[in-house]
Each structure stands twice: as structure tokens, then as C-alpha cells.
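Q: the following comprises the amino acid sequence and a computationally predicted model.
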Amino acid sequence: MRANYRLPRLFIDNPLVPGIELEADAGQTNYLVNVLRLKDSAELLVFNGRDGEWRASVHPRGRKKAFIRPLKQERPQPPAPGLVYCFAPLKAGRLDYMVQKAVEMGAGILQPVITQHTQVTKLGHERMAANAIEAAEQCGVLAIPDVRESVKLDRLLAEWEADRRLVFCDEGIGTDNPLPALQAIGETKLALLVGPEGGFSDEERRQLHALPFVTAIPLGPRILRADTAAVAALALLQAVKGDWQPIKFP
Ligand code: SAH
């Protein structure tokens, strides 16, 4: 079920129970009372990533405090999407964008991966988690994706679950059309891997091609920036194998 886009949506990290008043934090209070200028008893939607989506009312007390009262569940909590998105971290602005887009596109787990040409190794985990929440608020996602700690590519591959197929966006593959390789995938558990701005090293490409659980795909005839590649590849995966299809992978 799609979200109701007419009401503001807020993530609240509290259990959602009808009738119990929750105090909004300073940022939420400012957004509700000073930015949206909601009046007493105005309605909004709230979710916490566990209890589904609730219609709620807001009750400002002056301009610095506000309470939120969950009224009625509007959508039940869906299971977290199973799609794992593995990506080489980018510099701050592009990383923010990439995390937001990955959430909008339905990734369930965000796995930063350190590759040989990855330039960014110090990662703002909290900032990524905050971006994931903001994207979920905006696009109606109820299961907040899990943002994992970064892991080196070697270790990621060594510890890979045997029944999950890793779709690897390979800028050096020499063909343009990703569809035949994607359509040939039989597994329902999928992951996607997009490289850093500097691309994968030859050694990494050889290593990935040799693994039985890896499918390498091209993304057309042009080299895309990593953040563009992320959106293009996630759209392809959702359209061919994911939740844009009548049969969804778990
Ligand atoms: N600097 C590299 C490009 C890296 S693009 C070069 O010039 O070759 C960043 C990442 O986006 C790549 O590692 C790959 O995962 C993905 N990507 C970009 N364009 C692609 C394409 N045409 N086909 C497949 N993957 C692509």
C-alpha cells in the first residue's frame, strides 16, 4: 500500500500506542510548530520502523514543546526489504544523496564496502542513519534500512551467504545490456555492488568474476558516476527481480 502524501510524516523512536502522548524532540517540534505551523490537534503520520504507520495528532505547548498522540494505525508494519545494497562510500554530499536514493529505491540493508580505490574510509555512520530516516519519512518507507558498519571487500566476499546472488556493476564488462544477465538469475535473495569514483581495480574485477555467486552487469554504454549508477542499478533490479514486479523477492 502506498503512503498518504497529504499529511506530514515523522519518524519517532518510541513505541506507538493509541492515546499515549509522546514528547517531540527539539528538531521535530521546530518542524511541526515553526516550519509547518501546525495548530493544536492537527493531524500527521508517525512511524517508528516497528509498529507500522499511525495517524496522530499534534499538541503544541508554546513554540518549544509539542506532544504527539498516536490515534489509529493506518498501515501495518511491512517486513524489511531483503535487498542488500553494497557500495563504496563517497564524499559527504554524494554519500548523503546515495543513501537517500537507495532507501527510496527499496534497499533493506546498506553495506558500505572498502575497495582498493575507495578514497573515503572514515564514515559518518550516524549521518548515514539520519539520511536513511529522512528518506523514509519523505517516501513512505516504513521499515528503516539497516545501515551496517563498513567492511573490506575481501571480507565481505569471504563471508558471503551462499544463497544470495551478488549483482556487481562492472564498468569494464564490454557489453551494454544488463537485462539478459539479470533475467537469468534464479535466486530470490539479492545484493547489489557499486564501486567507488575510481572504479574497481583489475584484481578486484578478476576476483569478483571468479566467484560462483556473482553476476556482473553493465549499465549501458556510458560510464556513470557512482551515485547515478546506484539509482540506475537499483531501478533495474527492482524492475526485473524486485518489488516493481508482481512476484517480489522477500
Ligand atoms: N573511474 C571509473 C568509473 C567508476 S564509476 C572509470 O573511469 O572506469 C563508479 C562505479 O559505478 C563503478 O565502479 C561501477 O560499479 C558503476 N558503473 C558506472 N558506470 C557503469 C557502467 N557503464 N556499467 C556498469 N557499472 C557502472
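A: Now that the structure is in, tell me what you want to look at. Numbering: from 1, shown residues only.

Q: C-alpha from now on. contacts and neighbour counts both.
A: Fine.

Q: what distance do you get for the residue nearest to residue 230 when sequence neighbours are not counted to the ligand?
A: Excluding the flanking residues, the one nearest residue 230 by Cα to Cα, 6 or more residues apart in numbering is residue 194, at 6.4 Å. Distance, residue 194 to the ligand, using Cα to the nearest ligand atom, to the nearest Å: 4 Å.

Q: ok, residue 229 next?
A: Look at residue 229 and the ligand: by Cα to the nearest ligand atom, they are 5 Å apart.

Q: does stretch 140-156 reach the ligand?
A: No. Counting by Cα under 6 Å from any ligand atom, the ligand has no neighbours in stretch 140-156; the shortest distance is 12.8 Å.

Q: spit out the contact partners of the residue nearest to residue 230.
A: The contact partners of residue 194, taken as Cα atoms under 8 Å, 6 or more residues apart in numbering, are 86, 87, 88, 168, 169, 226, 229, 230.

Q: give me that answer again for 7 Å
A: Taking Cα atoms under 7 Å, 6 or more residues apart in numbering, we find residue 194 in contact with 86, 87, 88, 168, 169, 226, 230.

Q: among those, which ones are buried?
A: 86, 87, 88, 168, 169, 226, 230 (16 or more other Cα atoms under 10 Å).

Q: how close does residue 203 get to the ligand?
A: Going from residue 203 to the ligand by Cα to the nearest ligand atom gives 13 Å.

Q: what's the neighbour count on that residue?
A: 9 (other Cα atoms under 10 Å).

Q: for it, what are phi and psi?
A: The phi/psi pair for residue 203 (degrees, to the nearest 10) reads phi -60, psi -40.

Q: equivalent analysis for the one 10 residues further on, please.
A: As for residue 213, its main-chain torsions (degrees, to the nearest 10) stand at phi -100, psi 10.

Q: was I right to think it contacts residue 161?
A: No. If you go by Cα atoms under 7 Å, residue 213 and residue 161 don't touch, sitting 8.9 Å apart.

Q: and those two? Which one has more around it.
A: Neighbour tally, residue 213 and residue 161, criterion other Cα under 10 Å: the higher count belongs to residue 213, 18 against 12.

Q: coming back round to it: looking at the contacts of residue 194, which is nearest residue 175?
A: Nearest to residue 175, judged by Cα to Cα, of those is residue 169 at 11.8 Å.

Q: any idea how far the ligand is from that closest one?
A: The gap separating residue 169 from the ligand is 4 Å, by Cα to the nearest ligand atom.

Q: my guess is that residue contacts residue 214, does it?
A: No. In terms of Cα under 7 Å, residue 169 does not count as a neighbour of residue 214; the distance is 10.2 Å.

Q: can you give me the strands for this protein?
A: Secondary structure of the chain (DSSP state E): strands at 9-11, 22-23, 43-47, 53-61, 65-75, 84-87, 109-114, 146-147, 151-152, 164-169, 189-194, 214-217.

Q: since that was my last question, I'll sign off now.
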